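Asks: show me the folded form of this:
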Amino acid sequence: MKNYDIKLHVQGLSQFVDDITVPDEMLYAAVFTVPASHGIMTKLNVQKASELPGVSGVFTYRDIPGENQIGHVIHDEPLFAENEFHYEGQPLALIVAKDKRTANRALKLIELDYALLPAVYDPRVAFANGSIIGQERIFSCGNIEEAWTKCKYVFSNKVESGAQEHLYLETQGAAAYPLEGNRIKVFSSTQSPSSVQKTVADVLGVSLNQVEVDVVRIGGGFGGKEDQANAWAAMCALATNKLNKPVKLILPRHTDMRITGKRHPYSSDFKIGLDENLKIIAWEVTYYQNAGAYADLSTPILERTMFHSTNSYFIPNVKAKGISCRTNLPPNTAFRGFGGPQAMFVIESAIYEAASRLNIPAKLIQERNLIRQDQTFPYGMQAKSNNSIQCWNIASEEYNIKEKIQQLDIFNQIHSDLKKGIALMPVCFGISFTNTMLNQAGALVHVYNDGSISISTGAIEMGQGVNAKIRKVAAAVFSVSEERIRIESTNTSRIANISPTAASTGADLNGNATRLACNEILKRLLQVIPGFLNENPDNHYEIKNEVVFHNGKPTNLSWNELIGKAYCDRVSLSAHAFYATPDIFFDRTREKGTPFAYHVNGTAIIEVTLDCIRGNFEIDAVEVIHDTGNTFAPAIDLGQAEGGIVQGLGWMTMEEILHSDKGKLLTSTLSTYKVPDIFAIPKRIKVRFLEADKSPDGIFGAKAIGEPPFMYAIGVYFAVMNAMRAAQPDLTIKYSAPVTNEKILMMLNGMF
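Replies: Now for the predicted structure:
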């Protein structure tokens, strides 16, 4: 895989925000945060800190010239708390000094007094108190009340899914530089440069064209830098505005983990009804989303949960209710899957509950209810180009599910302390921003007169390989070597109104915009070629492997010569193009529409071996059939699939976020927060891409890859449950993820 970014990474040459060359007058910032969950400030004295030698300034909400507001979807979050604070770690002040050490020393000189107020950490308690964000949402279809009367089997239970730390390699950070005319340039570790631009402009009280945001690349994001990068950029810009000096703020790892939001924990209630043929004919679910103290992206994340409430299944009667509950935790935010994994875990738990109570394998219920071509999701969209059943059948056949189950049964019969479990996990994930407005992108392409090519888009490279895919797009359109092509930094002065690199849309949106811009330049070149060759303009011309072909035969005109002649002939070698995903919409007054360009399908088979004495387990295999459409970057897609699976396994099995009864994060270091390492990953991961129809809206017919594989890992939970039930057939299951070793031991011993 020829990937420019990977080459730089392994040489240690990749530049991130903290690597950018700094001027001698650079100042360094540190954030003062509140040490309690909820209260009223009675004193905030920064005088001693500001008088410390080397300190250039201390800034609070009183120093903001514009709005003290960073809420993006709902304007409810201040940059700095004013009087009342709502979570431990909420920023109160920014210290700027000549170096990091001085800034950190000054933090200890700030005097803070406050009166505590009651704090709430449980979303159900918040809901009971009427503390919710936005409005309750209900997605429904059919007649749920009538459907219950037709059900032979009805089961209900409760499901808990935990938070998850993003743990990006590069922590949150930004640097701001003063420019002439009171303009500011911000280097930010963000997935959304335009969000940073708008937040900075609002805080400073200036127009958007006064703020330039530049992103070379970021060291991982996973959604955690979609909105939560805004605050640190705004703080740097505020200090730069006040001091007319460049200012940098890089959060230490411990601070980043302590004060930033996580994946949303959910507490959910379900009720599922089946007929005598195991068809699910009624599904009712209520999601209590733990949003944290402010909205952030909670409401669109909850909406995505609603969209995926039925996962890969067709259910004719549905009532899904979602409630975003305000608690006194840091505002939770986007994370890979954007609310989809939480929904899928609930429906899979419901199916497992029904299967357990009926004493049948869950896969029987799963298989009989997979959505078919042209059947309808609860939100009104038909399942077009749907490969759910095909992926299920191929996975079952190629990975020999019958033989696996036979071998598992034999193993469990002859082992008393070790038990194996197996589970299947189908996935159906919609691709597009559910906010239709965001499904747009621009690209600016320059072909220089030496034949080299420069491309600017709104895509953010964060390790997922989007730049490599865009480079492949341009190389394919022009039929030139990828070595000719440079992907520029993402900059709001070159590309305006940038949608976040999120929702698995980065390659689709920006790749299609790049394709359109390259095609425009190519069209101009093909029009002038006949004049350069003194040939009939009605003949057929094309460029293949950097050579001009005439009626299928190579000419003496190379790419470099063509570009040189075109330049001399005053042909424009630059193009800006715009792409908007066609035919998508969603009517929130009816909760119906076609919000997605397409769906990604797949099926995973997961096997585990459980030590019933110790409570630990090994993941023997994760084997997947995944629909990538017509992938044109299989190595990149495979890496994304494997990485997503492992990250999902962490969420399901070990990444447990814990708080004290006073809201203090207890898992705020890498010694207290466990993520998958080389010893925890599956012994075998195999991902085979389905040879399926091209996606009409994916770039070159390929389908998005970033988020869908994460959901395959949900199956590990039920593989572990099956292993536990092999040891104790009458085991009472409590659906609570992650399924840590401690929970397993407690469940096996009737203590959980």
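Asks: let me see the mean pLDDT of stretch 111-123.
Replies: Taken as a whole, stretch 111-123 carries a mean pLDDT of 98.
Asks: what about that stretch, how long is it end to end?
Replies: End-to-end distance for stretch 111-123: 33 Å, by C-alpha to C-alpha, to the nearest Å.
Asks: can you list the weak-confidence ranges in the protein?
Replies: Within the chain, the segments meeting pLDDT under 70 span 1-2.
Asks: give me the domain ranges for it.
Replies: Taking automatic domain parsing as the domain assignment, the ranges for the chain are 15-118+166-259, 376-433+596-752, 440-580.
Asks: so which of the ones you listed gets nearest I301?
Replies: Proximity to I301, assessed across these by C-beta to C-beta, is greatest for domain 15-118+166-259 (8.9 Å). All C-beta atoms are positioned from the backbone trio N, CA, C, and that covers glycine.
Asks: and the closest one, end to end?
Replies: End residues of domain 15-118+166-259 are separated by 25 Å (C-alpha to C-alpha).
Asks: SS state for L278?
Replies: Three-state secondary structure (criterion: DSSP: H, G, I helix; E, B strand; the rest coil) places L278 in coil.
Asks: so it touches Q366, yeah?
Replies: No - using C-beta atoms under 8 Å, L278 is not in contact with Q366, being 9.7 Å away.
Asks: picking up where we left off before, F270 is nearest to which of the domains of the chain?
Replies: Going by C-beta to C-beta, the one of those nearest F270 is domain 376-433+596-752, 9.1 Å.
Asks: give me the distance between V622 and G715.
Replies: Relative to G715, V622 is positioned 8 Å away (C-beta to C-beta, to the nearest Å).
Asks: whoops, T102 was the one
Replies: Distance, T102 to G715, using C-beta to C-beta: 51 Å.
Asks: show me the contacts for the most centrally placed residue in the chain.
Replies: The residue lying closest to the centre of the chain (C-alpha atoms, centre = their mean) is R336, at 3.1 Å. Residues in contact with R336, defined by C-beta atoms under 8 Å, 6 or more residues apart in numbering, are 222-223, 644, 647, 706-707, 710.
Asks: swap in 7 Å and give it another go.
Replies: Residues near R336 by C-beta atoms under 7 Å, 6 or more residues apart in numbering: 222-223, 644, 647, 707, 710.
Asks: over to N328?
Replies: Applying C-beta under 7 Å, 6+ apart to N328 gives the contacts 37-38, 86-87, 119-121, 293, 663.
Asks: which phi and psi does it have?
Replies: N328 has phi and psi values of phi -100, psi 50 when expressed as degrees, to the nearest 10.
Asks: out of T102 and G715, which sits in the more crowded spot?
Replies: Neighbours per residue, other C-beta atoms under 10 Å: of T102 and G715, the larger number sits with G715, 30 against 19.
Asks: I figured that one hits G421, correct?
Replies: No - with contacts counted by C-beta atoms under 7 Å, G715 stays clear of G421, the gap being 10.2 Å.
Asks: helices along the stretch 601-750 of the chain, start to end?
Replies: 634-653, 715-727, 741-748 (DSSP state H, counting those that start in this stretch).
Asks: need the winner for burial among the ones you listed.
Replies: Comparing the helices of the stretch 601-750 of the chain by mean neighbour count (mean count of other C-beta atoms under 10 Å), helix 715-727 comes out on top with a mean of 24.
Asks: using CSV, write down the CA coordinates of it.
Replies: Output for helix 715-727, consisting of C-alpha atoms alone and laid out as CSV, is shown next (Å, rounded to 0.1, in the frame of the first residue of the first chain):
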residue,chain,number,x,y,z
GLY,A,715,-21.4,-10.3,18.9
VAL,A,716,-18.6,-11.0,21.4
TYR,A,717,-20.9,-10.2,24.2
PHE,A,718,-23.3,-12.9,23.2
ALA,A,719,-20.6,-15.4,22.4
VAL,A,720,-19.4,-14.9,26.1
MET,A,721,-23.0,-15.3,27.3
ASN,A,722,-23.3,-18.6,25.4
ALA,A,723,-20.1,-19.8,26.9
MET,A,724,-21.4,-18.9,30.4
ARG,A,725,-24.7,-20.6,29.7
ALA,A,726,-22.8,-23.7,28.6
ALA,A,727,-21.5,-23.8,32.1
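Asks: give me the distance from it to the chain's centre.
Replies: Averaging C-alpha coordinates over helix 715-727 and over its chain gives two centres that are 28 Å apart (C-alpha atoms, centre = their mean, to the nearest Å).
Asks: contacts for that helix?
Replies: Applying C-beta under 7 Å, 6+ apart, the set of residues contacting helix 715-727 from outside is 348, 352, 362, 412, 419-425, 604, 606-608, 610, 612, 617, 619, 649, 652-653, 731, 733, 737, 739, 744, 747-748.
Asks: could you redo the last one with a cut-off of 6 Å?
Replies: Counting by C-beta atoms under 6 Å, 6 or more residues apart in numbering, the neighbours of helix 715-727 from elsewhere in the structure are 352, 412, 419-423, 425, 604, 606, 608, 610, 612, 617, 649, 652, 731, 733, 737, 739.
Asks: name the residue most distant from the centre of this structure?
Replies: Each residue of the chain has a distance to the centre, and by C-alpha atoms, centre = their mean the biggest one is for N534: 53.2 Å.
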